[in-house]
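Asks: I'll drop the sequence and a predicted model, then ask my questions.
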Amino acid sequence: MKYNIGLEEKFESRRKNEDIVIGSVSCSYYEDLQQIEITYFIGSQYRNKGYALEAVKAYTEYFFNNYNKPKIIATVREENIPAWKVVEKAGFKFKEKKIHKDLNDEKLEMYYFYEFTKHLTNDVFSKYK
């Protein structure tokens with residue numbers, strides 16, 4: 001179950017110099033996981049161009065600069081290879097692989113669980129400045 005815990009901002013992903021929304025990025029608290037999870041979406045015609053990576057990195061930095069939370073997680077279905085490449089390149093660390101049923105899943109699926117802890121921020125974000 002997903003709950004709102006005051007992290008209400010949802011950001012649009014836009015192409016630079018264009019007024020086109022290509023996706024979104026935000027976070028939500030999931031009661032079943034008792035964790036705050038980053039959520040993101042990029043429209044199919046804009047995938048594999050680096051937009052998701054840019055959005056995830058920017059939002060993760062924003063999250064730690066604006067909320068006093070120790071970590072944020074990402075869950076990715078095992079077969080969604082591009083999504084796990086995004087979170088890994090963004091600095092999230094693989095924690096475990098397990099059977100899980102996400103809110104939108106009809107049945108149990110195999111998921112990869114990642115986390116990004118606050119102490120990683122200086123190491124990861126300094127590379128991009």
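Replies: That came through, no problem.

Asks: When you work out contacts or count neighbours from here on, use the C-alpha atoms and nothing else.
Replies: Fine.

Asks: hang on, Phe41 packs against Ser24?
Replies: Yes. Phe41 is within contact range of Ser24, at 5.4 Å (criterion: CA atoms under 8 Å).

Asks: Show the average pLDDT along stretch 73-91.
Replies: Mean pLDDT, stretch 73-91: 95.

Asks: er, stretch 107-119 actually
Replies: In this model, stretch 107-119 carries a mean pLDDT of 93.

Asks: Kindly report the same for stretch 53-62.
Replies: On average, stretch 53-62 scores 93.

Asks: Can you name the residues in contact with the lengthiest helix in the chain?
Replies: Ordering each helix of the chain by length in residues (DSSP state H) puts helix 51-66 first. Helix 51-66 has contacts (CA atoms under 8 Å, 6 or more residues apart in numbering) with 13, 24-26, 38, 40-42, 72, 86-87, 89-90, 118, 121, 125.

Asks: same thing but 6 Å
Replies: 86, 90 (CA atoms under 6 Å, 6 or more residues apart in numbering).

Asks: What residues of it count as buried?
Replies: With burial defined by 16 or more other CA atoms under 10 Å, the residues of helix 51-66 counted as buried are 51-53, 55-57, 59-61, 63-64.

Asks: next one: it to chain centre, how far?
Replies: Relative to the chain's own centre, helix 51-66 is displaced by 8 Å; criterion: CA atoms, centre = their mean, to the nearest Å.

Asks: for the residue nearest in space to the middle of the chain, what are its contacts?
Replies: Geometric centre of the chain, nearest residue: Ile38, 3.4 Å, by CA atoms, centre = their mean. Residues near Ile38 by CA under 6 Å, 6+ apart: 26-27, 74.

Asks: tell me the pLDDT at it?
Replies: 94.

Asks: Can you list the residue ranges for strands in the chain?
Replies: 2-3, 10-14, 21-30, 35-42, 71-77, 93-100, 109-117 (DSSP state E).

Asks: about what we covered before: for the contacts of Ile38, pick the one with the most neighbours.
Replies: Ala74 (24 neighbours; other CA atoms under 10 Å).

Asks: Distance to Tyr114 added to the buried residues of helix 51-66, as CSV?
Replies: Output for the buried residues of helix 51-66, formatted as CSV (distance: CA to CA, whole Å):
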residue, distance to Tyr114
Tyr51, 20
Ala52, 16
Leu53, 15
Ala55, 17
Val56, 13
Lys57, 14
Tyr59, 16
Thr60, 13
Glu61, 16
Phe63, 16
Phe64, 16
